[in-house]
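Q: Take this sequence and fold it.
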Amino acid sequence: MKKMNYPCFRVAMVFGLLLSLLIANSGVALAAKPAEKGKEQVEANITHIHHLVLRGAYSEMPSTSFDPMALVMGGGLNSKSYFNLVDHLEDLAKRKDVSYVVLDLSQSFLLSRVQRRDFTQRIAKLNRSGKKTIAWLASVSTLELSVASACHEIFMSKDGMVDIPSATMEHTFYKDLFNLVGVNVTTVRAGDFKGAVEPYTRSSMSVHLRKHYEKMLASMNDVAVAQIAKGRKLPEEKVRQLQQDRLMLPSTAKEQGLIDRLVEPGRMREAIEKRVEGEVEWGAPKKKKPKSFGFTDLFKALMSDEGKGEKNTKPTVVVYHLSGTIMDGSKAQAGEIIDGPTVKALNGLREDDQVKGVVLRINSPGGSATASENIRVAIANLAAAKPIVFSMSDVAASGGYLVACVKAPIFADADTITGSIGVFGMQLGFDALMRRVGVNMETVAIDDAARQMQLGKPWTEEETKKMQAFVDLTYDLFLDRVSKARSIPVEKLKKIAGGRVWTGAQAKELGLVDNIGGLTASINYVRDKAKLTKAEIKHLPKPRDGLDLSSLLGDDDDGIFHGDLAGRLSKLNALGFDTQALEFLMRHASQSMGRSLKSHLWMLQTS
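A: Numbering: from 1, shown residues only. This is a model prediction of the structure:
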């Protein structure tokens, strides 16, 4: 018998085994292709619907509000970023797997006038990407309808209400209350249309101011009417008439062309699936885990390294937000534009070589005249170094307009509130009220001049004349800044100044702004001026997420026991408490004798 060669035999077996596995795998692979193809065919037959719910208030600069009960109850710190919302729409436009987007407007939500207009433009872009958009409404207001009108179709619950009023303004007047309790108000102003002082000096609105506001409201309302008419393919005159009818049944709204389909309550998904037909799959934005803030998180907030990070090396266009009331000071406060840190930040942008252009996004009713001018000068220096543009959000009035008075283009939305070129000063006198409650305030001084501008005392005739001189001087400077920046002769400018408030559309006709356009148009302008094909877009200043305990309790410059009441109210406001009305009164009632007279002068527009 011939002896077998076992090593050769083993090699042959291994080779054969590998060959058989290769053939088998090839067969599996070949067999798998038809299966995968079949799976793709099944996927192709499924319509993907993305369900996007708008809920809560959206802000360009969401601040983290602090609830003291969160320390005990372990509650959350919530914020709504408008830019995160529109970024999500941008992502949806790029997704090939999504065929339909359902915009759910059945929950309570809030978009400002400018955000509303911008958001509808984003929906239009989503439509152009090939997506079908359907708005779902539980009830209809002017806000919901103006947003929903940008969608291809509008579905509404049969049991909802339709209420589409035109634009209004609310003003509360305190003069009679002040007379009742014994509070005296002394004011000086430049401009008969400076309406910020009227609630404190009159029992009702002046006739000339009411007529001016009516024209402004008509301009604002025209924007909403045009938006609805364009989306629903209706004449603007018809939409305006429906506004005057205001309340109507859902069936009437459908007959008039405001909505497309009425749906049984709670049957939104079934109705949309029936509209789409075939097999559908629903999707929604991924939810982030909510932040918690308890006792242990307090120390994390205090130890946070806010502002630290790697240095930016990419060409950048910065959107710098000037949002809030403009105030003098050296420390940043949530909801306010403090001139000290703002000027420092603007100077930093000027010196940063990676920043190729800056969009100044203004959302401010104004405030301190001196702080507004300080910020304006810093912006002028920035404009001399690199391309800038101003982008006006909902309000850019009074001091909020002054900061834009440099040689640079101004973009505004059609219903932005701007202008209010005027100045005022005000003193609240509590002496009569103090006497009624048994409190007597006396000042010991060696001359009459030292007794001037006393805390809680109304201005004398001499003091009023002096303050009026300061107001007139500040107003003349304001007119000069606007005249030079906008190339409008002062005499012509006076006819549209005097505290008059304008919409963006009106301001464009008057030469107070250059272009009607939102933030996207402003960014594109700066990008073109800086000759950038690609650039990182960075929003500053960043919202503060942590709790700054030291600013709450006070430090060497602002002690907790020796700090003024207005300062502590401001800190409570920064933590989320609404103290604006009380703070406004206290700021003007607690002027000390050592402070400059100019601290009484304000460039402010109240809505």
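
Q: And the contacts of stretch 102-114?
A: Where contact means Cβ atoms under 8 Å, 6 or more residues apart in numbering, the residues beyond stretch 102-114 that reach it are 49-58, 82, 119, 123, 133-138, 143-144, 147-148, 151, 157, 220, 223-224, 268, 272, 393-394, 413, 415-416, 518. (Each C-beta comes from the backbone N, C-alpha and C, glycine too.)

Q: Extract the residue ranges of the stretch 401-550 of the chain that are flagged as low pLDDT.
A: Scanning the stretch 401-550 of the chain with the threshold set as pLDDT under 70 gives 449-456, 543-550.

Q: Let me see the ranges of the helices in it.
A: Chain-ordered helices for the stretch 401-550 of the chain, with DSSP state H, counting those that start in this stretch as the definition, fall at 431-436, 461-486, 490-494, 504-510, 519-529, 549-553.

Q: Quick one: closest of those helices to His208.
A: helix 490-494 (15.4 Å; Cβ to Cβ).

Q: residues of the closest one that come out buried?
A: When neighbours are counted by 16 or more other Cβ atoms under 10 Å, the buried residues of helix 490-494 are found to be Leu493.

Q: ok now that helix, how far from the chain's centre?
A: On the basis of Cα atoms, centre = their mean, to the nearest Å, the separation between the geometric centre of helix 490-494 and that of its chain is 32 Å.

Q: now do stretch 221-230
A: Centre to centre, stretch against its chain (Cα atoms, centre = their mean), the figure for stretch 221-230 is 21 Å.

Q: next one: stretch 522-534
A: Centroid displacement of stretch 522-534 relative to its chain, using Cα atoms, centre = their mean, is 23 Å.

Q: who's in contact with that stretch?
A: When contacts are defined by Cβ under 8 Å, 6+ apart, stretch 522-534 is touched by residues 315, 317, 319, 356-359, 361, 386-391, 409, 411, 535, 537.

Q: Name all residues that make contact with Leu177.
A: For Leu177, the set of contacting residues under the criterion of Cβ under 8 Å, 6+ apart consists of Val183.

Q: how about the helix or strand containing it: buried residues?
A: Assigning secondary structure by DSSP states H and E places Leu177 in helix 175-181. Burial within helix 175-181, assessed by neighbour count using 16+ other Cβ under 10 Å, is assigned to Lys175, Phe178.

Q: The next helix or strand after it - contacts with which helices or strands?
A: Moving toward the C-terminus from helix 175-181, the next helix or strand (DSSP H and E) is strand 184-190. Counting contacts by 3 or more Cβ pairs under 8 Å, 6 or more residues apart in numbering; DSSP states H and E, strand 184-190 packs against helix 175-181, helix 198-201, strand 423-429, helix 461-486.

Q: The shortest one: which residues count as buried?
A: Applying a neighbour-count criterion of 16+ other Cβ under 10 Å, one finds Glu198, Pro199, Tyr200, Thr201 buried in helix 198-201.

Q: likewise the last one?
A: Of the residues in helix 461-486, those buried under the neighbour-count criterion (16+ other Cβ under 10 Å) are 463-464, 466-468, 470-471, 474-475, 478-479, 481-483, 485-486.

Q: Assumed Ile337 was part of a strand.
A: Yes: when classified by DSSP: H, G, I helix; E, B strand; the rest coil, Ile337 is found to be part of a strand.

Q: Just give me the neighbour total for the closest residue to it other than its chain neighbours.
A: Nearest-residue entry for Ile337: Ile326, 4.7 Å, with adjacent residues in sequence omitted and distances by Cβ to Cβ, 6 or more residues apart in numbering. By the other Cβ atoms under 10 Å criterion, the neighbourhood of Ile326 contains 30 residues.

Q: Under a three-state scheme, what state does Ile326 occupy?
A: Here Ile326 takes the strand state, with states given by three-state DSSP.

Q: Wait, it touches Asn374, no?
A: No: judged on Cβ atoms under 8 Å, Ile326 makes no contact with Asn374 at a distance of 9.2 Å.

Q: Run through the helices of the stretch 1-150 of the chain in chain order.
A: With DSSP H, counting those that start in this stretch as the criterion, the stretch 1-150 of the chain has helices at 6-44, 70-73, 82-94, 113-128, 142-148.

Q: Would you single out the least confident of these?
A: Here the lowest mean pLDDT among the helices of the stretch 1-150 of the chain goes to helix 70-73, at a mean of 38.

Q: returning to that earlier point: need the residues touching each of Ile326 and Asn374.
A: By Cβ under 8 Å, 6+ apart, Ile326 and Asn374 have these common neighbours: Asp339.

Q: hang on, the earlier thing: list only those of the contacts of stretch 102-114 flagged as buried.
A: By neighbour count, with 16+ other Cβ under 10 Å, the contacts of stretch 102-114 hold 49-52, 54, 58, 82, 119, 123, 133-138, 143-144, 147-148, 151, 157, 220, 223-224, 268, 272, 393-394, 413, 415-416, 518 as buried.

Q: Strands - which of the residues you listed land there?
A: Members of the buried ones among the contacts of stretch 102-114 lying in strands (criterion: DSSP state E): Ile49, His50, His51, Leu52, Thr133, Ile134, Ala135, Trp136, Leu137, Ser157, Ser393, Asp394.

Q: Return the closest of these with respect to Ile496.
A: Ile496 lies nearest to Asp394 out of those, by Cβ to Cβ, at 20.5 Å.

Q: CA atoms only for the helix or strand containing Val318, dumped as CSV, please.
A: Counting by DSSP H and E, the secondary-structure element that holds Val318 is strand 316-323. Output of strand 316-323 as CSV, limited to C-alpha atoms (Å, rounded to 0.1, in the frame of the first residue of the first chain):
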residue,chain,number,x,y,z
THR,A,316,-15.5,84.3,10.6
VAL,A,317,-18.5,86.6,10.2
VAL,A,318,-19.7,87.6,13.7
VAL,A,319,-23.3,88.5,14.3
TYR,A,320,-23.1,90.7,17.4
HIS,A,321,-26.4,91.1,19.2
LEU,A,322,-27.3,94.4,20.8
SER,A,323,-30.4,93.2,22.6
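
Q: Relative to it, what are the paired strands and their orientations?
A: Strands adjacent to strand 316-323 in the sheet, as given by DSSP bridges, are strand 355-364 (parallel), strand 536-540 (parallel).

Q: how deep is Val207 tucked in, by neighbour count?
A: Once other Cβ under 10 Å is used to define contacts, Val207 is seen to have 8 neighbours.

Q: could you check the distance from it over to Ile496?
A: From Val207 over to Ile496 the distance is 19 Å, taken as Cβ to Cβ, to the nearest Å.

Q: same deal with Ile421?
A: Distance from Ile421 to Ile496, counting by Cβ to Cβ: 8 Å.
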